[in-house]
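**Student:** quick one: sequence plus predicted model below, questions after.
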Amino acid sequence: MRMYRVTHHSGARLACLWGALVAVAAGLVPVHAADDHKDQDKASLSFQHKDWALQCDNTRTCRAVGYQAEGGDSEPVSVLLTRDAGPDTPVQVELQVYSEKASPAVLQIKVGSFVLGGLKGNAPRVSPGQVPRLLQELLKNNEATVSAGKDQWTLSLAGAHAVLLKMDEAQGRVGTPGALVRRGSRPEASVLPPLPAPAVKAVAPVPTRKGDAALAKPLLAALDRASAEGQCNGDDAFNPANVQVHRLTDRKVLLSVPCGMGAYNFSSLLWIANDRPPYQPEPLRDVDGEFDSATGRVHSAMKGRGIGDCWWTREWQFDGHVFVRAREAGDSMCRGFAGGAWQLPSHVTR
């Protein structure tokens, strides 16, 4: 029996990356996070099988990644396949290896009887003319060998067939000449078109005013502490000396409380409030992280484990009234690339 994991999500958090910090923000009651693109979010798809995974974003652009076998002897190696939505779109293929030595200047990949050399750079891209043959071999074999001189890496192809079929399904390609797995005679014109990335208005906050920092104490006093304290694991989270107040507009401020503290992740809870009584602080729904007062963005970055080989990042932009989700990306496969091999967007904007 084949076991697959599929997730359709709107800003979904991958379990291996968020851990206990999911609970920090999950219980907050709504307010100022705006997300009016629910139809687009239906295009966002996560899928994982064996050593391969797929992430399609809200424009229907899909990215498939494969790695070395989990628990195997190979040093980290990965391939990234990117395909935009729409008829007749090509597949882009990039390769990456990890070594404690200096990064190889030139890589070679061998899969089945196909050998492709001369791949130069840190994450070399396969030339378009070589991609169709490479894809054929990736689907027919169990593994591929990547080499640089005497150094070798073994790329697992376990799960590639299922993941690339899921990519075809997500983009409406099954049964068309351009499908990667199940080709047919259905017209290419029937392939799902790309969706436009939603526009996000970026508004820079107004400058900080003298006395903004002093708002920390009355704003904290105005919070619904009974519900808020249950979201924090810090002993001194609601100490006025530890919170931050940021100016948003002439009359609105952002209160940041450092609440989620783990072994290697950190998160804050956020409220928008009036800058004078009644303060009426309202928690942001599903928005947490560090606020950049220069750009009006909140940035959150969570890593799945200490070495930082898998990350999930999210950003929200202040548009003058609310915080709008601007970007979300990550890679749930923790396979030894310090800093992460790729960032796979699930939500993009313009």
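**Tutor:** That came through fine.

**Student:** for the residue nearest to Ala222 when sequence neighbours are not counted, phi and psi?
**Tutor:** Here the nearest residue to Ala222 in space, its sequence neighbours aside, is Tyr279; by CB to CB, 6 or more residues apart in numbering that works out to 4.3 Å. (C-beta placed from N, C-alpha, C; glycine too.) Note on Tyr279: its backbone torsions stand at phi -70, psi -40 [degrees, to the nearest 10].

**Student:** run a quick neighbour tally on Tyr279.
**Tutor:** For Tyr279, the neighbour count with other CB atoms under 10 Å is 19.

**Student:** got it, and Ser127?
**Tutor:** Other residues near Ser127 number 12, with proximity taken as other CB under 10 Å.

**Student:** against Phe114, how distant is it?
**Tutor:** In this structure, Ser127 and Phe114 are separated by 13 Å, where distance is defined by CB to CB, to the nearest Å.

**Student:** same check on Asn141?
**Tutor:** On the measure of CB to CB, Asn141 and Phe114 end up 9 Å apart.

**Student:** quick one, what contacts the residue nearest to Ala222?
**Tutor:** With contacts taken as CB atoms under 8 Å, 6 or more residues apart in numbering, Tyr279 has the following neighbours: 215, 218-219, 222, 273.

**Student:** and the pLDDT for it?
**Tutor:** Model confidence at Tyr279, given as pLDDT, is 98.

**Student:** equivalent analysis for Asp286, please.
**Tutor:** The predicted structure scores Asp286 at 89 on the pLDDT scale.

**Student:** neighbours around it, how many?
**Tutor:** Using other CB under 10 Å as the criterion, Asp286 is surrounded by 18 other residues.

**Student:** try Lys50
**Tutor:** With neighbours defined by other CB under 10 Å, the count for Lys50 comes to 20.

**Student:** repeat for the one 10 residues further on
**Tutor:** Around Arg60 there are 22 other residues, counting by other CB under 10 Å.

**Student:** OK, contacts around it?
**Tutor:** When contacts are counted by CB under 8 Å, 6+ apart, Arg60 is found next to 43, 84-85, 170-171, 192-195.

**Student:** try 7 Å
**Tutor:** Taking CB atoms under 7 Å, 6 or more residues apart in numbering as the definition of contact, the neighbours of Arg60 are 43, 85, 171, 192, 194-195.

**Student:** Lys166 looks like it's in a strand, true?
**Tutor:** No: with DSSP: H, G, I helix; E, B strand; the rest coil as the criterion, Lys166 is helix rather than part of a strand.

**Student:** please identify the helix or strand for the spatially closest residue to it that is not a sequence neighbour.
**Tutor:** Leaving aside its chain neighbours, Lys166 sits nearest to Phe47 (4.7 Å; criterion: CB to CB, 6+ apart). With the criterion set as DSSP states H and E, the secondary-structure element containing Phe47 is strand 45-49.

**Student:** beyond that strand, next helix or strand please.
**Tutor:** Next along the chain after strand 45-49, taking DSSP H and E as the criterion, comes strand 52-56.

**Student:** about what we covered before: give me the buried subset of the contacts of Arg60.
**Tutor:** 43, 85, 171, 195 (16 or more other CB atoms under 10 Å).

**Student:** make a markdown table from those residues and add secondary structure, pLDDT and distance to Ala226 to it.
**Tutor:** Conversion of these to a markdown table gives the following (DSSP: H, G, I helix; E, B strand; the rest coil; pLDDT from 0 to 100; distance: CB to CB, whole Å):
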| residue | secondary structure | pLDDT | distance to Ala226 |
| --- | --- | --- | --- |
| Ala43 | coil | 81 | 39 |
| Ala85 | coil | 98 | 47 |
| Gln171 | coil | 98 | 47 |
| Leu195 | coil | 98 | 42 |
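
**Student:** how about the strands in the stretch 101-250 of the chain?
**Tutor:** Counting by DSSP state E, counting those that start in this stretch, the stretch 101-250 of the chain has these strands, from start to end: 106-111, 114-120, 143-148, 151-156, 244-247.

**Student:** CSV for the ones you listed, including mean pLDDT and mean neighbour count?
**Tutor:** As requested, those are exported to CSV (pLDDT from 0 to 100; neighbours: other CB atoms under 10 Å):
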stretch, mean pLDDT, mean neighbour count
strand 106-111, 97, 20
strand 114-120, 97, 14
strand 143-148, 97, 20
strand 151-156, 97, 19
strand 244-247, 97, 19
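
**Student:** could you dump those to CSV with distance to Ala228?
**Tutor:** As requested, the strands of the stretch 101-250 of the chain are arranged in CSV below (distance: least, CB to CB, whole Å):
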stretch, distance to Ala228
strand 106-111, 51
strand 114-120, 52
strand 143-148, 50
strand 151-156, 45
strand 244-247, 15
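
**Student:** out of the ones you listed, nearest to Asp309?
**Tutor:** Go through the strands of the stretch 101-250 of the chain one by one with CB to CB and the one that ends up closest to Asp309 is strand 151-156, at 15.2 Å.

**Student:** kindly export the closest one (C-alpha atoms) in CSV.
**Tutor:** Taking Å, rounded to 0.1, in the frame of the first residue of the first chain, the C-alpha atoms of strand 151-156 are listed here in CSV:
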residue,chain,number,x,y,z
ASP,A,151,33.2,13.1,-4.7
GLN,A,152,29.8,11.6,-5.2
TRP,A,153,26.3,12.1,-3.9
THR,A,154,23.3,9.7,-4.4
LEU,A,155,20.0,11.4,-5.2
SER,A,156,17.0,9.2,-4.3
